[in-house]
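Student: Here is a sequence together with a model predicted from it:
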Number of protein chains: 4
Amino acid sequence: MEKKERAPVYYSEYLQLDKILNAQLPESSKEGIKADDEMLFIIIHQAYELWFKQILHELTVVRDIFKQESIPNNSPDIFNSVHRLNRVCKILEIAVMQMNVMETMTPLDFLDFRDLLRPASGFQSIQFKMIEATLGLTYDARHGKGYYLSQLNQGDIDRVKHAEEEVSLLVLINRWLERMPFVKNTESWISENGKTFWQQYHDIYKSGLAPAEMANLEMFETLFMNDANYPAERRLSPEANRSALFIMLYRDQPMLHLPYELLNTLLEIDEQLAMWRHRHINMVQRTIGKRIGTGGSTGAQYLRAAAESHYIFKELAELTSFLLPRNQLPKLPAQVIKELSYN
Amino acid sequence: MEKKERAPVYYSEYLQLDKILNAQLPESSKEGIKADDEMLFIIIHQAYELWFKQILHELTVVRDIFKQESIPNNSPDIFNSVHRLNRVCKILEIAVMQMNVMETMTPLDFLDFRDLLRPASGFQSIQFKMIEATLGLTYDARHGKGYYLSQLNQGDIDRVKHAEEEVSLLVLINRWLERMPFVKNTESWISENGKTFWQQYHDIYKSGLAPAEMANLEMFETLFMNDANYPAERRLSPEANRSALFIMLYRDQPMLHLPYELLNTLLEIDEQLAMWRHRHINMVQRTIGKRIGTGGSTGAQYLRAAAESHYIFKELAELTSFLLPRNQLPKLPAQVIKELSYN
Amino acid sequence: MEKKERAPVYYSEYLQLDKILNAQLPESSKEGIKADDEMLFIIIHQAYELWFKQILHELTVVRDIFKQESIPNNSPDIFNSVHRLNRVCKILEIAVMQMNVMETMTPLDFLDFRDLLRPASGFQSIQFKMIEATLGLTYDARHGKGYYLSQLNQGDIDRVKHAEEEVSLLVLINRWLERMPFVKNTESWISENGKTFWQQYHDIYKSGLAPAEMANLEMFETLFMNDANYPAERRLSPEANRSALFIMLYRDQPMLHLPYELLNTLLEIDEQLAMWRHRHINMVQRTIGKRIGTGGSTGAQYLRAAAESHYIFKELAELTSFLLPRNQLPKLPAQVIKELSYN
Amino acid sequence: MEKKERAPVYYSEYLQLDKILNAQLPESSKEGIKADDEMLFIIIHQAYELWFKQILHELTVVRDIFKQESIPNNSPDIFNSVHRLNRVCKILEIAVMQMNVMETMTPLDFLDFRDLLRPASGFQSIQFKMIEATLGLTYDARHGKGYYLSQLNQGDIDRVKHAEEEVSLLVLINRWLERMPFVKNTESWISENGKTFWQQYHDIYKSGLAPAEMANLEMFETLFMNDANYPAERRLSPEANRSALFIMLYRDQPMLHLPYELLNTLLEIDEQLAMWRHRHINMVQRTIGKRIGTGGSTGAQYLRAAAESHYIFKELAELTSFLLPRNQLPKLPAQVIKELSYN
């Protein structure tokens, strides 16, 4: 067997521990200042960067799947994608938990070496920006975009720009949603009383709204029934938008189980990122208060604004407003049910 | 031994399980509607209310400690208080985690019974309001106060009012901080160059500020050096404010270890409450979207505003902005050091 | 609309908070002894019992699904089951986390009221035993079965017995696995070189084993190739055993995605239960040391033995030993692939 | 100011990201085999090694503190030690949580590259062994010691040996406990009825034992009253053993607060390590079943035996068995109370 001819693998070499474990060079040591917590500060950021690399790895695998012209129904591609995006969620849970460790560094202990780090800053984490870009955050939607450019060296600016220019997961998901044939088949089907699917849906939805919720109906009409007036700023196209709601509604059909899980996992990633930002803000606030961050930013405020505006899949999240209870859903045409079933 | 004459205790009787486990009455069952997730909805809220009761129990024990005219130095009172407030943090961690379980209820599943609950609402949790009031949230500082009154029956309004009228932990902590003798002793002590403690501190603090941070200096002067202009809206008095910063700075002195832990734990409670609110907002948003909550509120928006404004110990949190690195701290007078030491 | 005629629902009534929040009767209060931590002790156990009720609710829904003579391929039954079992996992995560709160009760604080609880004991939790029974733990497989009977009153013994007599999830899963037609279809198919599926599998599996692993081959033959000698004590039948391995191997086929998730989730439940027991042991050990529990048991030792022997789905877990790398798997017959696909 | 003359610090250089992020060299890539999960496998192990480095850093700081001939009462040394050991606990919580990520790698996915790693193995993690040794695990107490030597290269064996030869935290804690003067002062004090402290304690302890617990009394006598027969294998000396129990009992005295926290945190570290091992065992079992690990070990069985025998502070943990309720404790002599108080 060929296997036996491979050189034996040794743990520390395999993991390149000579690199990993010799990459901690505290500035305080260089200055001969005692600051026992700088090691923690370095290591926790390195752990973050390792996890960011892994997240990028998973997102790249998933993006490659969605780059296909079409995803064969019977391939394990969506199954695999859901699995990988779930893993991203689990990694983000670790990222959130790591804040608990960071917070064991008290503000007073941070002051021992804080000034030595200027003007370095967490804003300079290229990988985090690449994660956001890969998911679908565009340069224009980025909070304080001029500011972040000013913090990066040219090589890093180029790397982020490159990531922003690549097709993002959000764009690819939109295309995938647009392609879904059963939604189109359903839309083209007219009920006995001469109404289209979305007209029926509209009427049932309307009847369930409380008086104070009538603004929702208008929004429903804009988003689902009148492509001409569909808001230009939306990242989901009208077709994709309808497919997404359709999946959420009819997730009990076999072929929609996994697409539903996929959409759900994207929302979960957004939520975990929001949680991470929330914890990050609190940590920064607790550690440096209202003082200016080592990178010159106003710290918590910047982060808060970014946290509000960086939800990437918020158009998916908003679809919740337009759900109907299961027992009121329009029945699907028999042909569509068949298309969505196992053999 | 008397013990042996006690009636034997039986698990299910001790825990009153006949009450606890027969208190789930789904509205959907009453209507003959199949909604398997309503049980979860009931039980998770009951688990929250049990934990809220425990939090109130702990806060009451701590508040009783701080209600003493003065807390003897050598009593275990502060040790005990820190322990109990740490427990509150651990309970709040559970409260946050429970959102993970709540989020397994999908929006579609919630719709199965959502309309049956009107107009009940989580805003009607009296115990949560009592926790906020016991910590120190006043009626005036409460977001949407008129709104919440409109949701409660008179008995519940009375209970919250009563809790709001009792002396809060924040008020008691303020008094305790005001009483600290060593801070006064330090303040009355003049350095060799004729400066008071806070003058010295001011000069060192100033020298460490970046040009963009000079607004901090002004704030420092307002908060620590000029009681006449001290902002009227602050809940900490000038004396308490100085004591709190003093404790954060000189926490390495034996008698300040526990006061430091105490302040830290109060911040931790605020942070955990903020996290809980953050998760709650996300959960609500994910479950009902932009629709109106069962209680008629606009859901996520209300919660977001409350979350921003309900930080109870924020004046303590802000003190971080005024810390000095340990190696630049003014030396304490020998007499004060002695007062802060073990025998 | 009928809805509007329903009586308005009020939070505290809906949740029966008069029962829930008046069910804490500390023994120490009855005796006039100060023991501030008994409230925690009661409330945490009540929270456990609430969660146990929810777990039983979910398991009952799932068991009812599997009680069907056959589960229609295109029903959402398996999807729903996986969802509910995942929820059970999330609840068990809470149960594990609650140990963190329990551990804030120090041994010294427990001693304040410990003697008052005799002979009550956590062993008297009927619901926990019912969970184990519903999953598939039989009376005979239970560690210290005589002992636990001696601890319970007759009503509770009857309830556990009743739960043990009902058909368990493990038995139903076994039947479901036995029914799978595509496995039988694969087995009846002979490869070009005249070998059955399991013969082919056997040969590939053998070629990948290290010399020290040859005992695995024998075990493989016993479990997969020779029904006559199949170990009598196993809870999975030979057919179910083969189906389970088949699902793990070919999980990438559309119709096997969910069965794979289902098996995985059952393993996850076992693991979470084991973790809970592990934390429970540590907590007991830390709280009462080597002393005898309030129920008279030897505490940690009993729990440790129970933890080892109460893995319910261990036969599924062991199948991992018999996996082949994906690229070495026998190819499935085209007809079977078709059966496992979407339309 | 000198600070301004320092070269500006840049995030990616400060964190040495060129090393950290270029240290992932999957064996599957070298062989041109597609195995998308090997990246996860590498990165998670690297994250573990980063955290192990940080744990070693903290333990070294604490050990250096305890290496002092005597720790001044009024220094922040114990406060600092408790803080750092608590941080170790938080890091170990992350280590445990990371298993959740590891478990997203399914057995089938692991098989894609498992054979390529032979004979590398997690047993070759030198840092983990160094952590155990620094805490106090001796070579002789190590499970399967011959085995682990056979897995390491000479450089690594030397590093572990070196760590094992250094004075461990357990040894230093023992010395610190032995030195405690107030315990000696208490012991030399005779009560009105002519009994020593431990005789009094013995009598009260005896009166509280259940008949079935009388073996505990004998153990108490052996461990606390008869140094000549004190079990030779114990790592705590008779004096240290008595001090440790004394601290647990009288933790409410100001000067014992922190020593109590310290002992508690050491138990917490042991517990977290046990939890980590427990999760590790489950993960290994789930991933490779009963097959032999890449390092040739029998996997789960080895780990289970190690987990049982590697509790380092178990002699501290066992003291719980000998506690008395607070209200039955012998009163301390006034002089000792004074010694344990603040000024």
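Tutor: Right, received. Where do you want to start? Numbering: from 1, shown residues only, chains lettered A, B, ... in the order given.

Student: Which stretches in chain A count as strands?
Tutor: Using DSSP state E, no strands are found in chain A.

Student: Get me the contact residues on it for chain C.
Tutor: Proximity of chain A to chain C, by CB under 8 Å from any CB of the partner chain, involves residues A:73-74, A:76, A:79-80, A:251-255, A:257-258, A:338-343. Heads up, the C-betas are built off the backbone N, CA and C, glycines and all.

Student: now, which of the residues you listed lie within helices?
Tutor: In helices, judged by DSSP state H, the following of the residues of chain A next to chain C are found: A:79-80, A:254-255, A:257-258, A:338-339.

Student: circling back: show me which of the residues of chain A next to chain C are buried.
Tutor: Among the residues of chain A next to chain C, those classed as buried by neighbour count (16 or more other CB atoms under 10 Å in any protein chain shown) are A:74, A:76, A:79-80, A:251-255, A:257-258, A:339-340.

Student: check contacts around the residue lying closest to residue A:6 once chain neighbours are set aside.
Tutor: Distances taken as CB to CB, 6 or more residues apart in numbering or on different chains put residue D:116 closest to residue A:6, at 7.0 Å, once the chain neighbours are dropped. Counting by CB atoms under 8 Å, 6 or more residues apart in numbering or on different chains, residue D:116 touches A:3, A:6, A:9, D:27-28, D:31, D:33.

Student: any idea how far chain C is from residue A:206?
Tutor: Counting by CB to the nearest CB, to the nearest Å, the separation of residue A:206 from chain C is 13 Å.

Student: nope, residue A:324 is what I was after
Tutor: 15 Å.

Student: now do residue A:97
Tutor: Computed as CB to the nearest CB, the residue A:97 to chain C distance reads 12 Å.

Student: So what's the residue count around that residue?
Tutor: 18 (other CB atoms under 10 Å in any protein chain shown).

Student: pretty sure it contacts residue D:94?
Tutor: Yes - if you go by CB atoms under 8 Å, residue A:97 and residue D:94 touch, sitting 5.8 Å apart.

Student: give me the number of residues near the residue nearest to residue A:41 when sequence neighbours are not counted?
Tutor: Using CB to CB, 6+ apart and skipping the chain neighbours, the partner closest in space to residue A:41 is residue A:105 (6.7 Å). When neighbours are defined as other CB under 10 Å, residue A:105 has 20 of them.

Student: Quick one: low-confidence residue ranges for the stretch 51-200 of chain A.
Tutor: Low-confidence segments of the stretch 51-200 of chain A, defined by pLDDT under 70: none present.

Student: Leaving out sequence neighbours, find the closest residue to the closest residue to chain B within it.
Tutor: The nearest approach of the stretch 51-200 of chain A to chain B comes at residue A:111, 4.1 Å away (CB to the nearest CB). Closest residue to residue A:111 apart from its sequence neighbours, by CB to CB, 6+ apart: residue B:325 at 4.1 Å.

Student: phi, psi of the one you found?
Tutor: Phi and psi for residue B:325, reported as degrees, to the nearest 10, are phi -60, psi 140.

Student: My guess is it contacts residue A:112. True?
Tutor: Yes - Residue B:325 is in contact with residue A:112 according to CB under 8 Å; the separation is 5.9 Å.

Student: burial count for residue A:274?
Tutor: 18.

Student: if I look at it, how far off is residue B:308?
Tutor: According to CB to CB, to the nearest Å, residue A:274 and residue B:308 sit 15 Å apart.

Student: Report the contact partners of the closest residue in space to residue A:80 that isn't next to it in sequence.
Tutor: Closest residue to residue A:80 apart from its sequence neighbours, by CB to CB, 6+ apart: residue A:65 at 6.8 Å. Residues in contact with residue A:65, defined by CB under 8 Å, 6+ apart, are A:71, A:77, A:80-81.

Student: What of residue A:83?
Tutor: residue D:104.

Student: on that earlier part again, and the residue nearest to residue A:80, how far is that from residue C:342?
Tutor: Counting by CB to CB - residue A:65 and residue C:342 are separated by 17 Å.

Student: before we move on, what about residue A:47?
Tutor: 41 Å.

Student: One more: residue A:270?
Tutor: 29 Å.

Student: what does residue A:55 give?
Tutor: For residue A:55, the distance to residue C:342 - CB to CB - is 30 Å.

Student: Would you mind naming what in the stretch 51-200 of chain A lies close to chain D?
Tutor: Remark: the part of the stretch 51-200 of chain A in contact with chain D comprises A:51, A:53-54, A:57, A:61, A:83, A:86-87, A:90-91, A:93-94, A:97-98, A:100-101, A:104, A:115-127, A:153, A:156, using CB under 8 Å from any CB.

Student: So which of the residues you listed are in helices?
Tutor: Reading helices off those with DSSP H, I get A:51, A:53-54, A:57, A:61, A:83, A:86-87, A:90-91, A:93-94, A:97-98, A:100-101, A:126-127, A:156.

Student: which of these are buried?
Tutor: A:51, A:53-54, A:57, A:83, A:86-87, A:90-91, A:93-94, A:97-98, A:100-101, A:126-127, A:156.

Student: all helices of the stretch 151-300 of chain A, in order?
Tutor: A:154-165, A:169-179, A:181-187, A:197-208, A:214-224, A:238-249, A:254-288, A:300-309 (DSSP state H, counting those that start in this stretch).

Student: if we look at the fourth one, which residues are touching it?
Tutor: When you say that, I think you mean helix A:197-208. Contact with helix A:197-208 is made by A:186-187, A:189, A:191, A:195, A:217, A:220-221, A:224-225, A:242, A:322, A:324-325, A:328, A:330, B:115, as judged by CB under 8 Å, 6+ apart.

Student: one more time with 10 Å
Tutor: A:183, A:185-191, A:193, A:195-196, A:213-214, A:216-217, A:220-221, A:224-225, A:242, A:245-246, A:249, A:321-325, A:328-333, A:336, B:111, B:115, B:291, C:1, C:3 (CB atoms under 10 Å, 6 or more residues apart in numbering or on different chains).
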